[in-house]
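>>> my questions are about this predicted structure, shown below with the sequence.
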Amino acid sequence: MGKINVLDKHVAELIAAGEVVERPASVIKELVENSIDAGAAIVTVEIKAGGVSYMRITDNGCGMAREDVPVAFLRHATSKVHKQDDLEQIGTLGFRGEALASVASVSHVEVLTCEPGAVEGTHYIISGGEEEYCGPAGCAAGTTMMIRDLFYNTPARMKFLKKDVTEANAVAAVMDKLALSHPEVSIRFIREGKEALHTPGDGSLKSAIYTVFGKEFTAGLIPVDYSYQGIRAHGFVSKPAAARPNRSMQHFFINGRYIKSRTAMVALEEAFKGTLMVGKLPACVLHLDIAAGAVDVNVHPAKLEVRFVNEKPIFDCVYYGVKTALQKGDTPNVMHFPQSGVPSITPVRQEVKTFKEPSPAEPAHEEKAGDTELSKPGPLPESAAERRFESHLPNKRTLEDPAAKSTTEQAGPSAGTAAISSPIPVHYEPARPLAVRPDIYYDEDEPGSNSEHSKVISEKKDINAYKEEKTHKEEIKSFLPEPTNQELTLVGEAFGTYIILQSGKEELVIIDKHAAHERMLYEQLKQQETEAYQQMLLAPVPVTLDKNEYAAVLESLELYAKAGFEIEDFGAGTVLVRSAPLVLGGEGVADAVMEIAGYLLNAKNDLTTEKLDWLYHNVACRAAVKAGDVSSTMELMDLAKRLQQHPEIRYCPHGRPVCIIMKRKDLEQQFGRI
């Protein structure tokens, strides 16, 4: 007996519907795209219970004739494609003829439609793919579709739906993208009886962006309009100062269709290279107009991915378009002086021919030509020959505190330090105080100098070699600093990152100050039993989020509170941060909220403890002193002392070692002494 069966029509339609209809947001996307293809200028969407129990889409498009309505619900029935050649020139959002059939097979659908100028319209009802009624009706020109009880006949699909609020937020995210894709269409979204979105439909992309994302996001945008080899890139990109910690606010559209394009994404980020801080990414709402024959949109069930005939012109158009926009939008901060009653001023430092050797008490400055801009201090220039010569010698720069220079010069070189006739001065910048626990005091008014350059830390502990452990408990037991009678002497700091100490006469201890400080803050946050120490912000910080991230934040307010954030819903995709963890010091609050939101949205594990642990990691990393930050002697000593007081600190939360040991004999081997 044969084993291969031909599926009946109903089962086949249920299987096919799974490719098109995944959740209420999928239905909304397909039907609103149909409305836009029908020439609608106004589209209204209303949902209840996340769209599972009720969805209504109303437009003022061209409507349908009565004889076309039943045919429209047949699989592969469409008015947009007639022959094979049409597939190569697709200019509409829909073209497969699958959406209505798929929706009707898993729900109850009711249609009211009327062509402009027609005497009467059509009322049509279809449930589970079976027609129930088709007759005349009085209705306005356009089409209204009502979908009820989605997946009522497929319980297996129903159980995969999320909570109503989550599904509603997914619909809201789709509506945002549709509004941005066609600013000439007025799109209105009603959620649980309340209007959540209403774009003006005036054809202005900036108006649509303002309506969707708000004033703050829109104010941080730069316009883009660039044409290259028949391709036009137009829209907006964020200013470098308004960059974000993730790609959630990158929106690309091809011929009015929202897509995900790695080519466009890479081109965008390459154009921003050199203008953004590490870990920051640009935001954009960028439209690409391209010949229909140069792009294939029929490569993804949800039409989110496309294939280009030639990707290089796409990359070049986006890259040069964004690069040009950034150059135009880059207005340097120039100091302007009042002109009335002031004699003409000759520009200072128009030409520099020689450099004066600065005295040891003065920082070296590099003279630079300019009109009204102030030149920035820089290092004394060296010739290539000098650099090559000095690269083979020990560093001759003296490590001095500014306040200790005069003392050193009067008393002469200290013991163990080579005398240098004209030391190159070290440029010092104000140090940022380290975040400390509330019960630990240190003087934040310390100017960053200390008359005693080398100071002994009186803790009777040493730092020995470590071996890597797998569990946190084993980490605690095998912590690097072993009890010892040796004293730690602060030698200095290297590269603005590593604290160098001498342990007795046989070892050098090198501490990664960021890793050490980060782990201290992480342990501090973990020890707080209920909620973290909070700092009320002087003014609430508004944070605009993608709708999916917005939903993730609102669902995790308790989690944020445990980490020290007080957040409230401000509506329309924006939250207000009223308090932040004390260790953050009020800095980077918006970025922290956005990065945590991105993590919560994509977290694969639903365990609250794991999410909270990640939040502690994130907050601690942001609050810790950064590698490259200039620290005062007092700060370095304070951090080293606190590290000695907490023997449980061995690794940073990311698993990197906090400190390493260099034996004297290893150093002497490098110099061939032994």
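The structure has been received and is ready for your questions.
>>> where along the stretch 1-150 of the chain do the strands fall?
Residue ranges of the strands in the stretch 1-150 of the chain, as given by DSSP state E, counting those that start in this stretch, are 42-48, 54-59, 108-114, 121-127, 130-137, 142-148.
>>> helices or strands next to the last one in the packing?
The contact analysis (3 or more CB pairs under 8 Å, 6 or more residues apart in numbering; DSSP states H and E) places strand 142-148 against helix 24-37, strand 54-59, strand 108-114. C-beta coordinates here come from the backbone N, C-alpha and C atoms, glycine included.
>>> which one, of the ones you listed, ends up nearest to Met158?
Taking CB to CB as the measure, the helices and strands packed on strand 142-148 were each checked against Met158, and helix 24-37 came out nearest at 11.6 Å.
>>> what helices and strands are in contact with the helix or strand Lys177 falls within?
Secondary structure assignment for Lys177, by DSSP states H and E: helix 164-181. Contact partners of helix 164-181 among helices and strands, from 3+ CB pairs under 8 Å, 6+ apart: helix 24-37, strand 42-48, strand 186-191, strand 194-198, helix 205-213, strand 250-254, strand 257-259, helix 547-555.
>>> how about the CA coordinates for that helix, as CSV?
What follows is helix 164-181 as a C-alpha-only set of coordinates in CSV (Å, rounded to 0.1, in the frame of the first residue of the first chain):
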residue,chain,number,x,y,z
ASP,A,164,-1.6,40.1,24.8
VAL,A,165,0.6,43.1,25.6
THR,A,166,3.6,41.6,23.9
GLU,A,167,1.6,40.8,20.7
ALA,A,168,0.1,44.4,20.8
ASN,A,169,3.6,45.8,21.0
ALA,A,170,4.7,43.7,18.0
VAL,A,171,1.8,45.2,16.1
ALA,A,172,2.8,48.7,17.2
ALA,A,173,6.4,48.0,15.9
VAL,A,174,5.0,47.0,12.5
MET,A,175,2.8,50.1,12.4
ASP,A,176,5.8,52.3,13.1
LYS,A,177,7.7,50.8,10.2
LEU,A,178,4.7,51.1,7.9
ALA,A,179,4.3,54.8,8.8
LEU,A,180,8.0,55.5,8.1
SER,A,181,7.8,53.6,4.8
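>>> what mean pLDDT does that helix have?
Over the span of helix 164-181, the pLDDT mean works out to 91.
>>> what's around Ala141, how many residues?
Counted by other CB atoms under 10 Å, the residues lying close to Ala141 total 16.
>>> equivalent analysis for Ala291, please.
Counted with other CB under 10 Å, the burial measure for Ala291 works out to 11 neighbours.
>>> quick check: it vs Ile314, distance?
Here the distance between Ala291 and Ile314 works out to 12 Å (CB to CB, to the nearest Å).
>>> thinking again about what came up before, in JSON lines, list the strands of the stretch 1-150 of the chain along with mean pLDDT and distance to Gly321.
Putting those into JSON lines (pLDDT from 0 to 100; distance: least, CB to CB, whole Å) gives the following:
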{"stretch": "strand 42-48", "mean pLDDT": "94", "distance to Gly321": "30"}
{"stretch": "strand 54-59", "mean pLDDT": "95", "distance to Gly321": "33"}
{"stretch": "strand 108-114", "mean pLDDT": "94", "distance to Gly321": "41"}
{"stretch": "strand 121-127", "mean pLDDT": "93", "distance to Gly321": "45"}
{"stretch": "strand 130-137", "mean pLDDT": "90", "distance to Gly321": "49"}
{"stretch": "strand 142-148", "mean pLDDT": "94", "distance to Gly321": "37"}
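>>> pipe these into JSON lines and attach mean neighbour count and distance to Val165 per row.
Formatted as JSON lines, the entries for these read as follows, by neighbours: other CB atoms under 10 Å; distance: least, CB to CB, whole Å:
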{"stretch": "strand 42-48", "mean neighbour count": "22", "distance to Val165": "12"}
{"stretch": "strand 54-59", "mean neighbour count": "21", "distance to Val165": "15"}
{"stretch": "strand 108-114", "mean neighbour count": "22", "distance to Val165": "23"}
{"stretch": "strand 121-127", "mean neighbour count": "21", "distance to Val165": "27"}
{"stretch": "strand 130-137", "mean neighbour count": "12", "distance to Val165": "32"}
{"stretch": "strand 142-148", "mean neighbour count": "22", "distance to Val165": "19"}
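>>> out of the ones you listed, flag the one nearest Arg247.
Arg247 lies closest to strand 42-48 among the strands of the stretch 1-150 of the chain, at 26.2 Å (CB to CB).
>>> who does the closest one pair up with?
Its sheet considered, strand 42-48 pairs with strand 54-59 (antiparallel), strand 186-191 (parallel) by DSSP bridges.
>>> what is the least confident helix or strand in the protein?
Sorted by mean pLDDT, DSSP states H and E, the helices and strands of the chain end with strand 456-457, the least confident at a mean of 36.
>>> what count of nearby residues applies to Met277?
Neighbourhood size, Met277 [other CB under 10 Å]: 9.
>>> grab the nearest non-local neighbour of it.
Nearest residue to Met277, sequence neighbours excluded (CB to CB, 6 or more residues apart in numbering): Ala243, at 7.3 Å.
>>> pLDDT weak spots in the stretch 201-350 of the chain?
298, 300-303, 330-350 (pLDDT under 70).
>>> mind doing that once more with 90?
Counting by pLDDT under 90, the stretch 201-350 of the chain has low-confidence residues at 214-217, 219-220, 229-230, 240-248, 255-257, 259-261, 273-280, 291-311, 327-350.
>>> how about the strands in it?
Listed in chain order, the strands of the stretch 201-350 of the chain (DSSP E, counting those that start in this stretch) span residues 221-228, 231-238, 250-254, 257-259, 284-289, 295-296, 307-308.
>>> pretty sure Met277 contacts Pro245?
No - at 10.0 Å, Met277 and Pro245 do not qualify as touching, with contact defined as CB atoms under 8 Å.
>>> okay, buried residues for stretch 267-281 please.
For stretch 267-281, burial by neighbour count (16 or more other CB atoms under 10 Å) applies to 267-269, 271-272, 276, 280-281.
>>> and of these, the nearest to Gly61?
When the buried residues of stretch 267-281 are compared against Gly61 (criterion: CB to CB), the nearest one is Leu268, at 33.6 Å.
>>> Asn169 is nearest to which of the helices and strands packed on strand 142-148?
Judged by CB to CB, the one of those that comes nearest to Asn169 is helix 24-37, at 9.0 Å.
>>> neighbours of the nearest residue to Thr166 once chain neighbours are set aside, how many?
The shortest distance from Thr166 to any residue other than its chain neighbours is 6.2 Å, reached at Ala551 (CB to CB, 6+ apart). For Ala551, the count of nearby residues is 25 (other CB under 10 Å).
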